[in-house]
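Colleague: Predicted model follows, preceded by the sequence.
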Amino acid sequence: MTQADVKPALLARARRIVVKIGSNVLAEADGRARRLPGLVSELAELGRTREVVVVTSGAVAAGRSRMRGSERRLEWRQAAAAVGQPTLMARYERAFARHERVVAQILLTHADLADRRRYLNARHTLRTLLGARIVPIVNENDTVAVEELQFGDNDNLSAMTATLVDADLLVILSDVEGLFTADPGRDRNATRIAVADADAPELASMAGPARHGVGTGGMATKLAAARKAAAAGITTVIADGRRRGALAAVFDPRRDAGTWLLAPADRLTRRKHWIAHVLKPAGAVHLDAGAERAVVSGGRSLLPSGVRHSETSMPGIICSAAVAIAVRGHRLLTAMPRRRNSAAWPSVHSLMPYLAIV
């Protein structure tokens with residue numbers, strides 16, 4: 001399968017796009033984002049015929065030159081993000097203003113999206129901005145979001161944002177041309193993968209961690225993000241954002257650009273996707289063999305008699321959480337509302353309204 005086989009149909013129905021721009025694309029060693037004006041020109045051109053949401057990194061890089069102290073300390077990086085975020089947004093605002101486009105800043109944390117009401121509020125806000133032809137600029141709230149600075153969650157944030165706005169396509173602009181069969185910096189025989197199914201198991205061995213630069217995410221986090229998006233029916237493109245015309249190449253059906261990770265035909269419902277890919281399990285329910293067959297193969301409800309035992313690692317949590325239902329070869333998740341300051345688990349019956357097999 002080649003990109004010429006899949007791009008025309010995918011691009012024809014891609015009306016709402018999420019574009020993630022990595023730190024290594026934006027920032028140079030001095031923290032200046034010299035690539036940003038060119039990228040914004042491409043985004044503005046894309047926005048003439050499509051709705052565009054930008055997920056950006058780069059706040060830490062923008063604040064680095066104004067900070068003193070040890071960059072190894074987490075508090076230092078969080079402070080650098082606080083200094084750099086206004087600078088980063090000002091650059092976006094000036095660049096988009098040249099194209100007569102207005103931008104809006106959206107700062108999110110995992111806690112925002114894990115709370116169902118706040119998740120829906122964010123969804124409504126983003127859709128309202130798009131309806132007003134305003135370009136949302138989304139970033140992780142690095143000052144309080146510890147995990148983003150350690151694990152490159154802006155890749156995952158882009159996937160969550162794509163599902164949040166019902167995007168048709170997710171484009172991750174990085175400092176590499178796409179996913180390769182091996183690390184091209186170490187293996188001269190490595191070749192770029194043009195098209196693959198996002199859930200293809202062999203891809204995991206080809207993705208590696210971040211190698212250099214100011215970014216925190218490697219190809220493994222991009223593949224994980226693509227798989228989260230694919231579960232919602234969204235195809236992901238990983239492309240080299242340092243090259244001029246990167247977006248034009250992605251959206252030209254005649255050109256081969258990046259790696260296209262295709263979503264399967266079946267997709268999770270919005271709520272099940274939220275349960276499976278946004279919530280973090282706060283405990284587990286272990287089933288016996290009969291309950292496993294009924295739930296996984298038969299699509300039936302789970303009865304209390306099929307539960308072997310349950311466990312929790314987060315007593316007293318305040319907001320919605322997820323329960324992992326452990327069976328052989330599968331992991332099922334169900335949403336679980338908890339009362340404020342209550343350590344009591346709900347009944348098994350109340351766990352069953354929504355199940356997501358992941």
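Modeller: Right, received. Where do you want to start?
Colleague: quick one: the helices in the stretch 151-300 of the chain?
Modeller: Remark: helices assigned in the stretch 151-300 of the chain by DSSP state H, counting those that start in this stretch are 153-164, 219-231, 246-250, 270-277, 289-292.
Colleague: Need those in a markdown table (columns: mean pLDDT).
Modeller: Output for these, formatted as a markdown table (pLDDT from 0 to 100):
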| stretch | mean pLDDT |
| --- | --- |
| helix 153-164 | 89 |
| helix 219-231 | 90 |
| helix 246-250 | 94 |
| helix 270-277 | 72 |
| helix 289-292 | 79 |
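Colleague: ok, so what distance separates the spatially closest residue to Ala80 that is not a sequence neighbour from His110?
Modeller: Among residues not flanking Ala80 along the chain, Gly63 sits closest, at 3.8 Å (Cβ to Cβ, 6 or more residues apart in numbering). In short, each C-beta sits where N, CA and C put it, glycine included. Distance of Gly63 to His110, given as Cβ to Cβ, to the nearest Å: 22 Å.
Colleague: What are the buried residues along stretch 295-308?
Modeller: Residues of stretch 295-308 classed as buried: Val295, Val296, Leu302, Gly306, Val307 (neighbour count, 16 or more other Cβ atoms under 10 Å).
Colleague: My reading is that the third one lies in a strand. Confirm?
Modeller: No. Assessed with DSSP: H, G, I helix; E, B strand; the rest coil, Leu302 is coil; it does not lie in a strand.
Colleague: mind showing which ranges of this structure have poor pLDDT?
Modeller: Low-confidence segments of the chain (pLDDT under 70): 28-33, 145-153, 208-217, 276, 280-284, 299, 301, 310-358.
Colleague: tell me the contacts of the residue of it most remote from its centre?
Modeller: Here the centre of the chain is the reference, and by Cα atoms, centre = their mean the most remote residue is Ser305, at 37.6 Å. Counting by Cβ atoms under 8 Å, 6 or more residues apart in numbering, Ser305 makes contact with Ala291.
Colleague: ok, now Leu262?
Modeller: Counted by Cβ under 8 Å, 6+ apart, Leu262 has contacts Val6, Val195, Ala196, Asp197, Ala198, Ala230, Thr235.
Colleague: Closest one to Glu51 out of those residues, please.
Modeller: Thr235 (16.4 Å; Cβ to Cβ).
Colleague: May I have the phi/psi pair for the residue nearest to that closest one when sequence neighbours are not counted?
Modeller: The shortest distance from Thr235 to any non-neighbouring residue, by Cβ to Cβ, 6+ apart, is to Ala263 (4.9 Å). Note on Ala263: its backbone torsions stand at phi -80, psi 150 [degrees, to the nearest 10].
Colleague: now Ala263: how far from Pro253?
Modeller: According to Cβ to Cβ, Ala263 and Pro253 sit 18 Å apart.
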